[in-house]
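Chemist: please work out how this folds:
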Amino acid sequence: GLDGRVLDCNTEFEIVSGYSKDEIKHQSLFNLLASNDIDGLFQVLGRMLKEAATTDDDTTAGDNPEDATISKAAGADAGSSDKDLLSSKSYWSGIVSQRRRNVDLLMNITLTRTAEGIPKFFN
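Modeler: Next up, the predicted model:
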């Protein structure tokens, strides 16, 4: 959901994270992360929502590969870190540390919108 609740996960996430689908469902994504990654991810999600609110056209970042930037190559901007791999208005990919295990997770997050362009949930 837009509030960070996990609605579903794939089998690979279950294996890597050590959480079952039943355990993970409806928990907050922020409860799963190591404390040093929570602020950064919160900033990323906030930036995605803010940029979604200021988008004037129906084009999403996935429609135009030029909208995406490799954070390491482009340099850090507000809310970016050296863990960010790919970032755009509606998509983020990066490495986060989880709280339960000492394992880094590659996380891909997409802002999904309604047909009217209103943010609906993060996928």
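
Chemist: what about the residue sitting nearest the centre point of the chain, helix or strand, and which?
Modeler: Centroid-nearest residue in the chain: I109, 3.3 Å away (criterion: Cα atoms, centre = their mean). Using DSSP states H and E, I109 falls within strand 104-113.

Chemist: buried stuff in the helix or strand that that strand is followed by?
Modeler: For strand 104-113, the following helix or strand on the C-terminal side (DSSP H and E) is strand 119-122. Of the residues in strand 119-122, F122 count as buried by neighbour count, 16 or more other Cβ atoms under 10 Å. For every residue, glycine as well, the C-beta is placed using N, CA and C.

Chemist: name the residues that touch strand 119-122?
Modeler: 1-2, 4, 7, 45, 48-49, 52-53, 109-114 (Cβ atoms under 8 Å, 6 or more residues apart in numbering).

Chemist: of all pairs in those, which one is the farthest apart?
Modeler: Spanning the widest gap among the contacts of strand 119-122 are L7 and A53, at 22.0 Å by Cβ to Cβ.

Chemist: can you tell me how far the nearest residue to T114 once chain neighbours are set aside sits from T110?
Modeler: Distances taken as Cβ to Cβ, 6 or more residues apart in numbering put K120 closest to T114, at 5.2 Å, once the chain neighbours are dropped. Going from K120 to T110 by Cβ to Cβ, to the nearest Å gives 11 Å.
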